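A.B. asks: model this:
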Amino acid sequence: MNEDVVHLAAGAEEMGVLVGAVGAAGFFCLMIVIVWQVAATWRARMLAAREEQYKELATRYARLLEDTVELQRRTAEEQRQTLDELTRTRLSVGSMEKMMREIE
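C.D. replies: Below you'll find the model as predicted:
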């Protein structure tokens, strides 16, 4: 009968080791899944933040482009005005030169 008890105790010990190994494997699998999900969540947040930065940059670029177009329009208008003034000045100087020649 002692022999049966020894075999039962040995069987229970082997069962305990098996349960411990399965439990440890399950725990490690659970930890891997948790780490995997945390990493996936972190990556998704990073991608969302990057997308938000891209949208902000695109908005700033559009505003800068509009400002640049407006500045180019103003510059072109100012150049036209300067050209008109220069043309009028040349005509005036030409008239003055002609008048000075006639006086001499």
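A.B. asks: How much space separates residue 23 from residue 84?
C.D. replies: As judged by Cβ to Cβ, to the nearest Å, residue 23 and residue 84 stand 91 Å apart. In this view, the C-beta of every residue, glycine as well, is placed from N, C-alpha and C.
A.B. asks: now the helices for the protein?
C.D. replies: With DSSP state H, the ranges of helices along the chain come out as 2-103.
A.B. asks: where in the chain is pLDDT low?
C.D. replies: Along the chain, the parts satisfying pLDDT under 70 run over 1-12, 104.
A.B. asks: 50 instead, please
C.D. replies: Applying pLDDT under 50 to the chain picks out residues 1-2, 4-6.
A.B. asks: quick one: stretch 79-87 to chain centroid distance?
C.D. replies: 45 Å (Cα atoms, centre = their mean, to the nearest Å).
A.B. asks: hmm, who's touching it?
C.D. replies: Surrounding stretch 79-87, not a single residue is in contact under the criterion Cβ atoms under 8 Å, 6 or more residues apart in numbering.
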